[in-house]
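Asks: no sequence on this one, just coordinates:
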């Protein structure tokens with residue numbers, strides 16, 4: 001049983017490493033909202049990855065197919081959200097002091113990245129591909145194994161944030177305000193650009 005947990009751990013870490021638009025959003029939140037804001041945002045991603053991993057592992061094709069079948073509307077919704085968050089980053093003033101984030105905003109950060117992760121059809125496509133490549137069989141009716149796999153994926157994804165977050169915390173004060181602003185402009189533009197691509201695909 002420990003083998004499926006370790007495989008889930010590796011899968012979660014590997015899926016989290018490529019820094020996409022949601023990763024850039026989490027990084028920006030950590031820089032300007034503090035470690036807790038960034039961490040909860042990334043835990044939303046980890047939860048979404050774990051849920052997608054469970055759906056794929058159980059062979060719940062009707063759930064995955066729903067997201068694929070509704071890809072037009074999902075691309076519109078996710079694309080608009082990316083444009084919204086990207087524009088906020090792009091036009092915001094970069095401030096060196098970490099802002100004060102209320103508890104509702106912290107949990108809002110978690111909920112928003114969870115929503116963006118589970119509504120992105122690419123999330124399920126990633127798990128289908130990696131399961132096939134890593135020979136992860138369908139675990140229908142093997143619920144304990146599914147739980148171990150999901151916990152492994154969650155921890156693996158969260159572990160990447162701990163590594164990345166610790167590195168960012170150490171480096172943050174070494175960047176000048178102009179460099180921080182340039183990073184905001186680039187990350188905001190990238191997120192908005194991906195949002196427009198999703199809208200065009202819809």
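Replies: Yep, that arrived. Treat the numbers as computed from the prediction; the structure is a model and nothing was measured. Numbers count the residues shown, from 1 in each chain.

Asks: What's the local residue count around residue 103?
Replies: Applying other CB atoms under 10 Å, we find 8 residues neighbouring residue 103. Bear in mind the C-beta positions are built from the backbone N, C-alpha and C, glycine included.

Asks: Next up, the contacts around it.
Replies: Listed by CB atoms under 8 Å, 6 or more residues apart in numbering, residue 103 has no contact partners.

Asks: what pLDDT does it get?
Replies: The predicted structure scores residue 103 at 73 on the pLDDT scale.

Asks: What are the buried residues along stretch 80-97?
Replies: Judged by neighbour count (16 or more other CB atoms under 10 Å), stretch 80-97 contains these buried residues: 81, 82, 83, 85, 86, 89, 90, 94.

Asks: quick one: the residue nearest in space to the middle of the chain and residue 17, what's the gap?
Replies: A centroid search over the chain (CA atoms, centre = their mean) returns residue 45, at 3.6 Å, as the residue closest to the centre. Taking CB to CB, to the nearest Å as the measure, residue 45 and residue 17 are separated by 12 Å.

Asks: Can you name the helix or strand that the residue with the largest distance to the centre of the chain falls in?
Replies: Ranking residues of the chain by C-alpha distance from their mean position (CA atoms, centre = their mean) puts residue 141 at the top, at 27.9 Å. Secondary structure from DSSP states H and E places residue 141 outside every helix and strand.

Asks: And for the one 3 residues further on?
Replies: The secondary structure element spanning residue 144 is helix 143-171 (assigned by DSSP H and E).

Asks: Please pull up the helix or strand immediately following the lowest-mean-pLDDT helix or strand in the chain.
Replies: Sorted by mean pLDDT, DSSP states H and E, the helices and strands of the chain end with helix 61-69, the least confident at a mean of 60. Sequence order places helix 71-91 as the next helix or strand after helix 61-69, per DSSP H and E.
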